[in-house]
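Asks: What follows is a predicted structure for the sequence shown.
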2 protein chains.
Amino acid sequence: MKYIDGGVCSAKGFRAGGMNCGIKVGSTKKDLAMIASDVMCSAAAVYTTNKVKGAPLAVTKEHLADGKAQAVICNSGNANTCAPNGMEIAEKTCEITGGALGLSAEDIIVCSTGVIGQELSIKPFESGVPQLAQSISYDGGREAAEAIMTTDTIPKSIAVEFELEGNTCYIGGIAKGSGMIDPNMATMLSFITTDAAISPEMLNKALKKDVKTSYNQICVDGDMSTNDTVAVMANGLAGNAEITGEGMDYDAFCEALSMVTTYLAKKLARDGEGATKLIECQVTGAPDQETAAKISKTVISSNLLKAAIFGADANWGRVLCAIGYTDGEFSTENIDVEMASAKGKVLVCQGSRHKEYSEEEASKILAEEEIQIYVDMHQGEAEATAWGCDLTYDYVKINGDYRS
Amino acid sequence: MKYIDGGVCSAKGFRAGGMNCGIKVGSTKKDLAMIASDVMCSAAAVYTTNKVKGAPLAVTKEHLADGKAQAVICNSGNANTCAPNGMEIAEKTCEITGGALGLSAEDIIVCSTGVIGQELSIKPFESGVPQLAQSISYDGGREAAEAIMTTDTIPKSIAVEFELEGNTCYIGGIAKGSGMIDPNMATMLSFITTDAAISPEMLNKALKKDVKTSYNQICVDGDMSTNDTVAVMANGLAGNAEITGEGMDYDAFCEALSMVTTYLAKKLARDGEGATKLIECQVTGAPDQETAAKISKTVISSNLLKAAIFGADANWGRVLCAIGYTDGEFSTENIDVEMASAKGKVLVCQGSRHKEYSEEEASKILAEEEIQIYVDMHQGEAEATAWGCDLTYDYVKINGDYRS
């Protein structure tokens, strides 16, 4: 099982592409992505828990009710949320996409990301989708990764090669995120494709379990979007015996899926709006898994901690403070905090008390772009990790003037 | 019942003062505040719900177990949290204060605010407290307000004059806050004094009810401190019949208390670290009071909304988005959003859909320093208000380099 340089076209039988169809008005940036499988796929998705949801989510949910899909159509630049005729536009988009690909509209996954509350016209889809359907290719994964970007600074894409009973399989994905990423995947989209054969039920189960430790453990700013969706399609072209229950094959599939989603989740956190650093918080010694997950998530979500890390300040008081307001039952009496990076590591707090350390050394460690915060709760065996980014001047700048 | 220019010395029989005793090392800023009543007071306090608590909180809680207190001693510059010998220092501080004022240590309220995890020496208290006890005066409220400040830019102080059965009473308070203010009063301290006569039980009840609509409805950055305390002392010198149960007098007292705490809460929000604007979110038409409070609080807590308001951007999508991830059961189908300031008001969203408005007019309205966001949920009679501030470059600057 290993990472390879790839994306949604690494698995057999998936074509993809991206184009500018005129949704990002006055821009030449790509705003329409398409991914299509040569054959029908098992498919599953998870969605934002925000009560205000983009219209495409309802349409996709309906289309995935049978656990099957064959293509994804996704626009950026407009969220199709709180917009007039949103459902109609999302449905019509699926019809146009199905028509262009020779598929049923019910087998299309539709997503949108961008500004909320602005009317989305069907016109750019009418002209763009048929054109894009002609141009998608078996090496167009990168174009699709670019076409789903909003304030992202880099396209995010990865793939994993693994074996299922002697059959080489691939699973790959793309993601977009940036601002407004928090609990339960805010304004993040991720599309994952695999040629492994797996039943819709097991695919759904694997995805639901996976997001708890990947996309749901990242935070950029604590805001949760209206449009988040992670969708996965498995077309079975790798030729393995279909995974229909738990066992070694299912475990291997889950591991490969986790490698893809964890990689992309970290990329999303690192590319948070205005971010200069990736912050990883690894909690060990927690009384249970849920508490470990909550503590690590709360630490990387703290504005004060995020600003301190931006300033390369080993302010462990802010780590303890964030742990302290985490929901749950646990003791705060004997906590160790270690800060680390490629430049070394330094124990800054032991037994919930200050530990003497060299400020100079700490500053050097925290000047790096990837920072680890290790928290040992000393009260159990459970552990969890969460990823976030620093809070910077540029975050404020980007979000103070996002629409213009 | 009316606001007057005053503070903790507006009520009869309260002296106060502030000084620099050397806790804020290398600074001449005041770091020690004292408030003392001429006679024993009914007293009550509420504290942070952070699991990591400053040592002074435990000591104060113990001292208030009998519902009585006569003085407050508070230092700024060091939180005495996660520090060696924290309890010992807090207890010793009360002994010194009691000794200097001729009171029992058990009748002293002790508080600390500042950096977490640094050792606090008893020495500055040994030299400073007796000196301060000599200099406190019946017009020293402002000095006390200054001495509790950390990153606050202005001292916060107010008083209210009211009548209880023909007796003129006063209630006044000071507060400090700035960063790290959220759910349940993070790094904020407020001391309130009154000459009204009220039993410890009713004072406690009044305070607990009050903070739900005042200090617990403000947010600067979502972080909750380890040391928050709101303490109130009532010395009875106004001569009214002691309030020992519910009724008109109790209601009048609660109203006066609310005028003081709401005023100070808004000042805290406005003086949030780096803030340039006060944001008030008033929710009406909610299904119940708790939901109304949660929605208003979630809106003013959204980093994205706070950054948009900093940029004078009428981005109502961020209001809807924040409402959508508020915990609770309610509909998001028919929401109106209006933005307002002294320059006018503009309806930007009606029935959860975009409402045409002049961007130019909206920008003019949002350029003001006090912004109101009116949210009508159209599904009930409950309403609530919360206060926050914008998220600015300076917030990042202050918190990226707080300790140095």
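Replies: It's in. Numbers count the residues shown, from 1 in each chain, chains lettered A, B, ... in the order given.
Asks: A:H378 - how many residues pack around it?
Replies: When neighbours are counted by other CB atoms under 10 Å in any protein chain shown, A:H378 registers 15. C-beta: built from backbone N, CA, C; applies to glycine.
Asks: what are the C-alpha coordinates of stretch A:373-383, in PDB please?
Replies: The C-alpha trace of stretch A:373-383 is given here as PDB (Å, rounded to 0.1, in the frame of the first residue of the first chain):
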ATOM      1  CA  ILE A 373       1.500  19.700  19.300                       C
ATOM      2  CA  TYR A 374       1.600  16.500  21.400                       C
ATOM      3  CA  VAL A 375      -0.800  16.400  24.400                       C
ATOM      4  CA  ASP A 376      -0.600  13.500  26.800                       C
ATOM      5  CA  MET A 377      -3.600  13.400  29.100                       C
ATOM      6  CA  HIS A 378      -2.200  10.600  31.300                       C
ATOM      7  CA  GLN A 379      -5.500   9.000  32.000                       C
ATOM      8  CA  GLY A 380      -6.200   6.200  29.500                       C
ATOM      9  CA  GLU A 381      -5.100   4.600  26.200                       C
ATOM     10  CA  ALA A 382      -7.200   6.500  23.600                       C
ATOM     11  CA  GLU A 383      -5.600   8.800  21.100                       C
END
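Asks: do it and chain B meet at all?
Replies: No. Using CB under 8 Å from any CB of the partner chain, stretch A:373-383 stays clear of chain B, with a minimum separation of 11.5 Å.
Asks: how about the residue lying closest to A:A206 once chain neighbours are set aside, secondary structure?
Replies: Nearest residue to A:A206, sequence neighbours excluded (CB to CB, 6 or more residues apart in numbering or on different chains): A:C254, at 5.1 Å. State at A:C254, reduced to three classes by DSSP: H, G, I helix; E, B strand; the rest coil: helix.
Asks: ok, A:C254 - how many residues close by?
Replies: The number of residues packed near A:C254 is 18, by other CB under 10 Å.
Asks: What separation is there between it and chain B?
Replies: 28 Å (CB to the nearest CB, to the nearest Å).
Asks: ok, now which ones touch that residue?
Replies: A:206, A:209-210 (CB atoms under 8 Å, 6 or more residues apart in numbering or on different chains).
Asks: if you set the cut-off to 10 Å instead, what comes out?
Replies: A:202, A:205-207, A:209-210, A:243, A:246 (CB atoms under 10 Å, 6 or more residues apart in numbering or on different chains).
Asks: ok, of those, which come out buried?
Replies: Neighbour-count burial (16 or more other CB atoms under 10 Å in any protein chain shown) applied to the contacts of A:C254 gives A:202, A:205-207, A:210, A:243.
Asks: Next, please give the residue ranges for the strands of the stretch 301-404 of chain A.
Replies: Using DSSP state E, counting those that start in this stretch, the strands of the stretch 301-404 of chain A run over residues A:336-341, A:344-350, A:353-354, A:370-376, A:382-389.
Asks: For B:E370, find the nearest of the ones you listed.
Replies: strand A:382-389 (31.6 Å; CB to CB).
Asks: Sheet-wise, list the partners of the closest one with their directions.
Replies: Applying DSSP bridges, strand A:382-389 is found paired with strand A:218-219 (parallel), strand A:278-286 (antiparallel).
Asks: Including mean pLDDT and mean neighbour count, could these go into JSON lines?
Replies: Converted to JSON lines, the strands paired with strand A:382-389 look like this (pLDDT from 0 to 100; neighbours: other CB atoms under 10 Å in any protein chain shown):
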{"stretch": "strand A:218-219", "mean pLDDT": "74", "mean neighbour count": "28"}
{"stretch": "strand A:278-286", "mean pLDDT": "95", "mean neighbour count": "23"}
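Asks: Make CSV out of these and add distance to A:A44.
Replies: CSV is the format used below for those (distance: least, CB to CB, whole Å):
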stretch, distance to A:A44
strand A:218-219, 20
strand A:278-286, 27
